[in-house]
Structure formats: structure tokens, C-alpha cells
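> Generate coordinates for the sequence data below:
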Amino acid sequence: MERTGSILITGSSHGIGRATAEWFLDKGWEVFGCGSSPADLRGEEMARQHSGFHFRRADISEESEVRGLLEWCGSIDAAFNNAGIGCEPKSMHLLDALEARRILEVNLLGTAFCMKYECMAMQAEGGVIVNSSSVAAAKAGTGADWIYSASKAGILRMTAEAAVRREYWDKIRFFSLIPGWIETRMTAADDKEEWKKKLPSGKAGTPQEAARLVYRIVTEREAFDSGQEFHVNGGGSLL
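Residues are numbered from 1 along each chain as shown. Got it, this is the predicted structure:
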């Protein structure tokens with residue numbers, strides 16, 4: 001029998017987050033999802049379609065909203081911190097301070113807030129936390145904005161630091177997901193044919209491929225594996 005439980009997935013109404021939510025639902029898990037855009041109604045629609053899916057609005061860059069989100073979830077067995085934002089790449093001399101601050105607040109500080117309250121929710125029984133980074137954190141020259149890349153690199157270091165904290169040993173396992181060149185709305189404007197020429201895989205990835213990997217990390221990886229980084233980017237991080 002496959003393991004089941006409850007999982008929080010941030011940014012769960014589209015892309016990798018939605019695919020992961022649907023994958024866990026299909027496996028019998030209870031899924032708590034969140035999104036921040038009032039204009040995006042897909043989260044509410046998913047909640048109506050799936051009895052095991054629960055959705056709530058939350059801006060993860062606001063600590064009070066993250067605290068409320070985890071109080072709403074109660075005790076959870078796993079979390080996939082997937083929510084994040086990007087922007088059009090800019091030269092360094094064109095840095096927009098407001099835009100850069102927002103990216104760092106959502107991607108980096110928002111993930112930190114989630115980890116804080118997820119650890120509190122898992123402390124008694126333990127659990128698994130998977131943080132979504134990016135191939136742009138693992139290598140330069142991906143075409144991503146430099147502030148975005150920095151925010152995602154910070155997530156890798158936060159995850160690693162959490163994994164070596166003695167207070168969480170034998171309780172909570174921490175992993176990083178490093179996606180890249182996945183067909184989502186963030187990459188909709190990119191040239192897919194160019195991707196195929198650049199990647200050893202010869203193809204762009206799908207949200208479902210990333211979702212399957214998240215599921216395996218949560219259900220199959222043991223305490224000895226804590227701190228590992230898992231790539232799902234068609235071999236792009238190798239180039």
C-alpha cells in the first residue's frame with residue numbers, strides 16, 4: 001500500500017503546483033493549496049472538483065498570512081513550497097528596486113516564512129519539506145533575470161542549512177527541487193524549439209514530470225537522503 005497523508009502545496013492553482021496537487025490527490029492524499037491572485041479562480045474550481053483538495057488565498061511574503069495558512073492546515077505530513085514569481089530579464093544597470101524587492105520577498109523570504117511554520121506544524125510527528133528552486137540557481141547563462149536567479153539560489157542554501165540543523169534530525173527531511181525549461185505559463189513566451197536544441201533531453205519538460213518527482217521525494221526518500229537537490233531540467237544544469 002502506498003503511503004498517504006496531508007500536504008501543503010503553495011502556488012497550487014497552475015503549472016507545477018497544480019500538477020503536483022493533482023498527482024497527490026490521485027494517490028489518495030489530502031491536499032491543502034494556496035494562491036495569491038484574486039483574479040485566478042482555478043484554486044476554487046479545483047476545490048469544487050476534488051473533495052480532498054482545500055484552497056485558501058495567502059500572500060506568502062506576509063508572515064501573518066503564512067501563519068494563518070498553517071493554522072488552517074493544522075498538522076501536515078509534507079509541504080511543497082512551490083510559489084514564486086519572476087520577471088523579464090534586465091541588465092544590471094536597469095535594476096528596478098521595487099520589482100527586485102518583491103521578487104526577493106516572495107521567492108526567498110516567503111519560502112523562509114513557509115518553512116518556519118511548516119516545521120512547527122510537523123514538529124511532533126515529523127515530515128518532509130520540498131522547496132522549489134530553479135536551474136537558474138545552479139548555473140549562469142540560462143536567460144533568467146539576475147535577481148530572480150539570486151532569489152532561487154538563496155532557496156538552495158536555506159534548504160541545505162535546514163537539513164543540517166540538529167533540532168530537525170530524524171524528524172523533518174528537507175529537499176530542493178531544481179526545475180528548468182518546464183512548459184508553464186512562466187515559460188509560455190520562450191522558444192521551445194531553441195530549448196530542444198540546447199538540452200540533452202531534446203525536449204522541454206512537463207509539469208507532470210516535475211510532479212512525479214516531487215511525489216517520489218516525499219514518499220520514497222529517507223532521512224539519510226535529507227538535504228539532497230533533485231534536478232528536473234532535461235540535463236540543462238549539466239551544460
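
> going forward, measure contacts between C-alpha atoms and count neighbours the same way
Noted.

> Can you show me the strands along this structure?
In the chain, the segments counted as strands under DSSP state E are 6-10, 30-35, 53-57, 78-81, 127-132, 172-179, 229-232.

> Pairing partners for the longest one, with directions?
Looking back up the chat, that one is strand 172-179. Strand 172-179 pairs in its sheet with strand 127-132 (parallel), strand 229-232 (parallel), by DSSP bridges.

> roughly how far out does that strand sit from the chain middle?
Put simply, strand 172-179 sits 9 Å off its chain's centre (CA atoms, centre = their mean, to the nearest Å).

> Would you confirm that residue 155 contacts residue 110?
No: with contact defined as CA atoms under 8 Å, residue 155 and residue 110 do not form a contacting pair (10.1 Å).

> Farthest from the middle of the protein: give me that residue.
residue 93 (29.6 Å; CA atoms, centre = their mean).

> quick one: pLDDT of that residue?
pLDDT, residue 93: 93.

> which residue packs closest to residue 146, ignoring adjacent ones?
residue 89 (7.0 Å; CA to CA, 6 or more residues apart in numbering).

> How many residues are close by the one you found?
14 (other CA atoms under 10 Å).

> quick one, what contacts it?
143, 144, 145, 146 (CA atoms under 8 Å, 6 or more residues apart in numbering).

> same thing but at 10 Å, please
For residue 89, the contacting residues are 95, 143, 144, 145, 146, 147, 148, by CA atoms under 10 Å, 6 or more residues apart in numbering.

> just residue 117 next, same as before
63, 66, 67, 68, 69, 70, 71, 123.

> try it again with 7 Å
Neighbouring residues of residue 117 by CA atoms under 7 Å, 6 or more residues apart in numbering: 67, 70.

> Could you pick out the longest helix of this protein?
When the chain is parsed with DSSP state H, its longest helix is helix 146-163.

> model confidence over that helix, on average?
97.

> That helix relative to strand 127-132, how many degrees between them?
160 degrees (axes from the mean of the first three to the mean of the last three CA atoms, to 10 degrees).

> what does helix 146-163 contact?
Against helix 146-163 from outside (CA under 7 Å, 6+ apart): 86, 100, 103-104, 107-108, 133-134, 136-137, 173-176, 226-227.

> Need the buried ones from the residues you listed selected in ChimeraX.
Buried subset of those, written as a ChimeraX selection, criterion 16 or more other CA atoms under 10 Å:
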select :86,100,103,104,107,108,133,134,136,137,173,174,175,176,226,227
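
> quick one: which of the contacts of helix 146-163 is nearest residue 127?
residue 173 (6.4 Å; CA to CA).

> Might you report the residue contacts of the closest one?
Taking CA under 7 Å, 6+ apart, one finds 127, 128, 129, 163, 223, 226 in contact with residue 173.
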